[in-house]
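Participant: Build me a model:
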Amino acid sequence: MELRDYLNIILRRKWTILLTVIITMIVVVIGTQLQTPMYQASTTLRVAVSAGGPQNSAVYTYNEQLMNTYAEIATSRPVMEELTTRLQISELPLIKAEVIPNTELIIITAEDTDPKLAMTVSNTLADILIIQSDQLYMGGARTSQEILEEQLAQAQLDVEKTRQDYKKLVVQTPAAPNEVDVAGQLFLLKQNNYAALLSQYNQAMFREEIQASMITMVEPAIVPDVPSSPRTVLNYGLGLVVGLLGGLGLAFIFENLDTNLYTTRDIESATKLSAFANIPNANRKQLIVSNNGSSPIAKAFQNFASNIYLDNGQKLKKVLLVTSAEPGQGTSTVVTNLAYSLSVYGKNVIAVDCNVYSPTLHTLFGLPNEYGLTDVLEKKLDLKKAIQKSSYEGLSILSSGALPEHPSRMLGTPQMDELIHTLSQQFDYILLDTPAYPSMAGMPALVQNADGLILVVRRAHAQRETVQSVDRFLSGIQDKFVGLVVNQAEDANSKYFYQYK
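Facilitator: Residues are numbered from 1 along each chain as shown. Next up, the predicted model:
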């Protein structure tokens, strides 16, 4: 399919697309209006994970894990219980803590229908994390400082005891030099151990002092003025996009299921014929071209008649059978206007209404239908008396007449053959307005008496399967003119896509 084919489908199904968009937008608007407004308040915390020391991949991994740990702790059960106790509320708002990638920042967000409560919850939770960060992170376990403090106290006692033992050995008599040397070395060892523990204790105190101030508030939450949901503009925008996409999807689904032939190219493909004439769309006032000599439809029939008239130099087409694949294609209108257009060239033309089930020609020409074709075939009336003169010079009409008992059999009888032969001697052109092909039993016999067949297909009304069913019949017609007339054809001035009217 080309681009113009897609544009043609969109234009043809514009009401489906528009209706889908409207229904979608109504649902979105109602749904948005029914939603309870929710407000979000956010507090920004900084976790100083890189307080000092060399930076490497292990440190980065530890820092990332530490940030995620604090984010999980922020929404843990103990913290939520502490928050509930502080605020004296039974139900907490929706709370979430998120780590901003590649930063030391944690965003704590509270969402509630009350904007002030959302702000209070967010800031209070941040305070709990700041005040209890060390206890929350350690989970109640003993700190390094506490452990080293106990070890340092025990080391101090050991040093003092070793000192007392050394002094006793020094003043002891008789002297014991070996024992004094051992006691002195042990005393120095205990002193060195105490000094090492004291250094570790001081480092632990420094490190825990830093950790005690790791979490700080960067930006406190404020009372939100605008609800975070529903997002009216976003909802409306998404509704419009979904409606358009849904409408386009439905349009192409309906197009795929629809078997109507909407373009001249589709009709030509179904019939395997090139359009001999394209009759544009027209209103009821323009259907009779004799009253609208300068209208597009009048010009189309003038060209149609001209092509038939000028082609007579090759092979005379006196008897033209006009039919369709299904009812309602406009065969009677085509016969009426073509007969008039041929008479303008000074030709003697007669239009014969063979559609005895639903005769129309007499109505279009404003003539009675008290007698006509059926009376002539049943030999109830002479042909000369049955033929009626129209108000146009050179144009006569043989209406259908009364409905006989077996109308379908009459068109294939020898009487019909004789009638056409007689008319051929009196008129330059004989146009036979016949019913749709499937409903006409005498069509093959009638075609044998015709010099050509004109198939009328009404664009946007004819079904593909019905039109294609005529193809087998048309392929069996040998040495006869077969012309395709597209009724209500596209605008001839449309260059890029077909218009559907």
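Participant: Now do the helices for the stretch 1-150 of the chain: every range, in order, please.
Facilitator: For the stretch 1-150 of the chain, helices defined by DSSP state H, counting those that start in this stretch occupy the ranges 3-12, 14-34, 57-74, 77-87, 115-131, 133-138, 144-171.
Participant: and residue 197, what does it touch?
Facilitator: Neighbouring residues of residue 197 by C-beta atoms under 8 Å, 6 or more residues apart in numbering: 148, 151-152, 155. To be clear about C-beta, it is placed using only N, CA and C from the backbone, and glycine gets the same treatment.
Participant: Let's have the helices of the stretch 1-150 of the chain in TSV, adding distance to residue 471.
Facilitator: Output for those, formatted as TSV (distance: least, C-beta to C-beta, whole Å):
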stretch	distance to residue 471
helix 3-12	22
helix 14-34	31
helix 57-74	73
helix 77-87	77
helix 115-131	73
helix 133-138	84
helix 144-171	95
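Participant: what residues does stretch 465-472 touch?
Facilitator: 259, 261, 267, 270-272, 325-326, 437-438, 455, 457.
Participant: Make a ChimeraX selection of the buried ones in those residues.
Facilitator: Entered in ChimeraX, the line below selects the buried ones among the contacts of stretch 465-472, by 16 or more other C-beta atoms under 10 Å:
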select :261,267,270,271,325,326,437,455,457
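Participant: Phi, psi for the residue of the chain positioned farthest from its centre please.
Facilitator: Here the centre of the chain is the reference, and by C-alpha atoms, centre = their mean the most remote residue is residue 174, at 109.0 Å. Reported as degrees, to the nearest 10, the phi and psi values for residue 174 are phi -60, psi 160.
Participant: My guess is residue 377 contacts residue 415. True?
Facilitator: Yes - the criterion here is C-beta atoms under 8 Å, and residue 377 meets it with residue 415 at 4.7 Å.
Participant: Those two: which has the busier surroundings?
Facilitator: Set side by side, residue 377 and residue 415 show more neighbours around residue 377, with 24 against 14, by other C-beta atoms under 10 Å.
Participant: Name the residues of the biggest helix by length in the chain that come out as buried.
Facilitator: In terms of residue count, the longest helix belonging to the chain (DSSP state H) is helix 177-212. Within helix 177-212, the residues scored as buried using 16+ other C-beta under 10 Å are 183, 187, 190, 194, 197, 200-201, 204, 207, 211.
Participant: picking up where we left off before, list only buried entries from the contacts of residue 197.
Facilitator: Neighbour counting by 16+ other C-beta under 10 Å classes 148, 152, 155 among these as buried.
Participant: Could you check how many residues crowd around residue 345?
Facilitator: 16.
Participant: Surely it touches residue 302?
Facilitator: No - with contact defined as C-beta under 8 Å, residue 345 does not count as touching residue 302 (9.6 Å).
Participant: Tabulate the contacts of stretch 465-472 (CSV), appending distance to residue 63, pLDDT and secondary structure.
Facilitator: Formatted as CSV, the contacts of stretch 465-472 follow (distance: C-beta to C-beta, whole Å; pLDDT from 0 to 100; DSSP: H, G, I helix; E, B strand; the rest coil):
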residue, distance to residue 63, pLDDT, secondary structure
259, 68, 90, coil
261, 71, 92, coil
267, 74, 93, helix
270, 73, 90, helix
271, 77, 91, helix
272, 77, 89, coil
325, 79, 91, coil
326, 79, 92, coil
437, 85, 82, helix
438, 83, 71, helix
455, 83, 95, strand
457, 77, 96, strand
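Participant: out of the contacts of stretch 465-472, who's nearest residue 120?
Facilitator: Distance to residue 120, by C-beta to C-beta, is smallest for residue 259 among the contacts of stretch 465-472, at 66.1 Å.
Participant: What are the buried residues along stretch 224-232?
Facilitator: Quick answer for stretch 224-232 (16+ other C-beta under 10 Å): 224, 227-228, 230.
Participant: same thing with stretch 351-368?
Facilitator: Within stretch 351-368, judged by 16+ other C-beta under 10 Å, the buried ones are 351-356, 359-362, 364-365, 367.
Participant: got it, and stretch 58-74?
Facilitator: Residues of stretch 58-74 classed as buried by neighbour count (16+ other C-beta under 10 Å): 63, 67, 70-71, 73-74.
Participant: Stretch 376-385 too?
Facilitator: By 16+ other C-beta under 10 Å, the buried positions in stretch 376-385 come out as 376-377, 381, 383.
Participant: Mind putting the residues you listed into CSV with secondary structure and distance to residue 48?
Facilitator: Below are the buried residues of stretch 376-385 laid out as CSV (DSSP: H, G, I helix; E, B strand; the rest coil; distance: C-beta to C-beta, whole Å):
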residue, secondary structure, distance to residue 48
376, helix, 111
377, helix, 109
381, coil, 115
383, helix, 114
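Participant: contacting residues for residue 74?
Facilitator: Taking C-beta under 8 Å, 6+ apart as the test, what residue 74 contacts is 95, 97, 106, 108, 125, 129.
Participant: how about 10 Å then?
Facilitator: 45, 80, 83, 95-98, 106, 108, 125-126, 128-129, 136 (C-beta atoms under 10 Å, 6 or more residues apart in numbering).
Participant: again, but for residue 353
Facilitator: Contacts of residue 353 (C-beta under 10 Å, 6+ apart): 332, 335, 359-365, 369, 372-374, 397-401, 431-434.
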